[in-house]
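> pasting the sequence and the predicted coordinates here, then a few questions.
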Amino acid sequence: MAICDDHKIVREGLKQIINEFDGFEVVIEAESGEQLINKLRDIEVDLLILDVSLPGRSGLEVLKQIKGMQPDLGVLVLSMYPEDQFAIRMLKAGASGYLHKDSAPEVLKQALSTISNGGEYLSDKITKLLYREMSSNGDELPHKRLSDREYEVLLYIGEGKSISEIAAQLSLSVKTISTYRTRILEKMNIENNSDMVKYIMLHDLGVGQ
């Protein structure tokens, strides 16, 4: 299986835990989407653990490309973001499961086992989110109009990060992040960062909510 996370200590910890599970072995480690895709061209795996927040292209963008290359690859998203922030987007993009990084090793093992057997790992919270999504009768909240990257930038702004800090985190230019910010304001019909923060708090989109 493969692991893609931009933090070496996370990759090492995951590798140590997973290699102790019967029937699982980590053979690919990558710190970015580009590196992951290049390695997947040379080494075949049947499972992937993927982070949402990656330098350069986001985990969502990487997931869509990988599923185009290998539709049958089982993908478990492991992220610091709570389920109500990114789970639905990742599942729609082709992920087979979503876990928060605070999950216990036994939960990780259960998720990997379920996905490796062709199933989907959906926690009770994600199941409720999916039901809510299906029962929304077409009502669309403003943040759902955003692209995957715009949505990620919105959450970073909600955390209080500056444009330059977000640019550094995502390995993008300040100009590019500023453009994303402008699009967010336009699509959500709000005026400034303060409005973004208020919206995030109102809809429980902030990290840790």
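That came through fine. Here the structure is a predicted model, which means the values were calculated and not measured.
> which strands and helices sit next to the helix ranked longest in the chain?
Secondary structure assigned by DSSP state H gives helix 174-188 as the longest helix of the chain. If you count contacts as 3 or more Cβ pairs under 8 Å, 6 or more residues apart in numbering; DSSP states H and E, helix 174-188 packs onto helix 148-158, helix 163-170, helix 193-202. Yep, even glycine has a C-beta here, placed from its N, CA and C like the rest.
> only the buried residues of that helix, if you could.
Across helix 174-188, burial judged by 16 or more other Cβ atoms under 10 Å covers 177, 180-181, 183-185, 187-188.
> domains in the chain, by residue range?
As given by automatic domain parsing, the domain ranges for the chain are 2-134, 142-202.
> could you dump these to TSV with mean pLDDT?
Output for the domains of the chain, formatted as TSV (pLDDT from 0 to 100):
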stretch	mean pLDDT
domain 2-134	90
domain 142-202	89
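> tell me the secondary structure for the residue positioned nearest the centre of the chain?
When the chain is reduced to its mean C-alpha position, the nearest residue by Cα atoms, centre = their mean turns out to be Val52, at 2.6 Å. Secondary structure, DSSP: H, G, I helix; E, B strand; the rest coil: Val52 is coil.
> which residue ranges form the helices in this protein?
8-18, 33-40, 59-69, 83-92, 105-116, 124-134, 148-158, 163-170, 174-188, 193-202.
> out of the ones you listed, nearest to Leu76?
Distances from Leu76 to each of the helices of the chain were compared using Cβ to Cβ; the shortest belongs to helix 105-116, at 5.5 Å.
> what is the end-to-end distance of stretch 18-32?
Its start and end residues considered, stretch 18-32 measures 20 Å (Cα to Cα, to the nearest Å).
> Glu25 reaches Ile3, doesn't it?
No: shown here, Glu25 and Ile3 do not form a contact pair, counting by Cβ atoms under 8 Å, at 11.2 Å.
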